[in-house]
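Colleague: sequence? don't have it. structure:
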């Protein structure tokens, strides 16, 4: 099992530009202590069902009070069309998340 260590918002206007769906929020998970080599090896085998269970905690840590109107889906191509940046894509309106990405550090519980 995993737990959320931290959740950080990154504004789209200050991070690298995305050419597609730049207004949709993405949520990326980063296991603490994972090396860059491990990250490259694990991109297609992440425990996304476990990460999905953490989404209510992630939204709360990001400052979202009510996420009931949000539809959050997993995508292997959340951050890049080649599939190197898997994560979750958020559909729906929320003022806290508007034009932002959420980067979540997780640790084993």
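Modeller: On my side now, so go ahead. Since this is a predicted model, take the numbers as computed values, not measurements.

Colleague: Spatially central residue for this structure, please.
Modeller: With the centre of the chain defined as its mean C-alpha position, the nearest residue by C-alpha atoms, centre = their mean is residue 27, 1.4 Å away.

Colleague: Note down every partner strand of whatever helix or strand that one lives in and its orientation.
Modeller: Using DSSP states H and E, residue 27 maps to strand 25-31. Sheet pairing of strand 25-31 (DSSP bridges) gives strand 87-91 (antiparallel), strand 100-108 (parallel).

Colleague: Out of the ones you listed, flag the one nearest residue 46.
Modeller: Across those, residue 46 has its closest neighbour in strand 87-91 (9.1 Å, C-beta to C-beta). C-beta here means a position set from N, CA and C on the backbone, and glycine is covered the same way.

Colleague: ok, and what's touching that closest one?
Modeller: Outside of strand 87-91, the residues within contact range by C-beta atoms under 8 Å, 6 or more residues apart in numbering are 21, 24-29, 51-52, 55, 70-75, 78-79, 97.

Colleague: about what we covered before: pull out the buried residues from the helix or strand that comes right after the strand holding residue 27.
Modeller: Later in the chain than strand 25-31, the nearest helix or strand by DSSP H and E is helix 36-42. Of all the residues in helix 36-42, not one is buried under the rule 16 or more other C-beta atoms under 10 Å.

Colleague: Please work out the average pLDDT along stretch 96-109.
Modeller: Averaging pLDDT along stretch 96-109 yields 92.

Colleague: now that stretch, how far from the chain's geometric center?
Modeller: Relative to its chain's centre, stretch 96-109 lies at 5 Å (C-alpha atoms, centre = their mean, to the nearest Å).

Colleague: Show me which of the contacts of strand 87-91 are buried.
Modeller: If you count burial by 16+ other C-beta under 10 Å, the buried members of these come out as 24-29, 51, 55, 70, 72, 78-79, 97.
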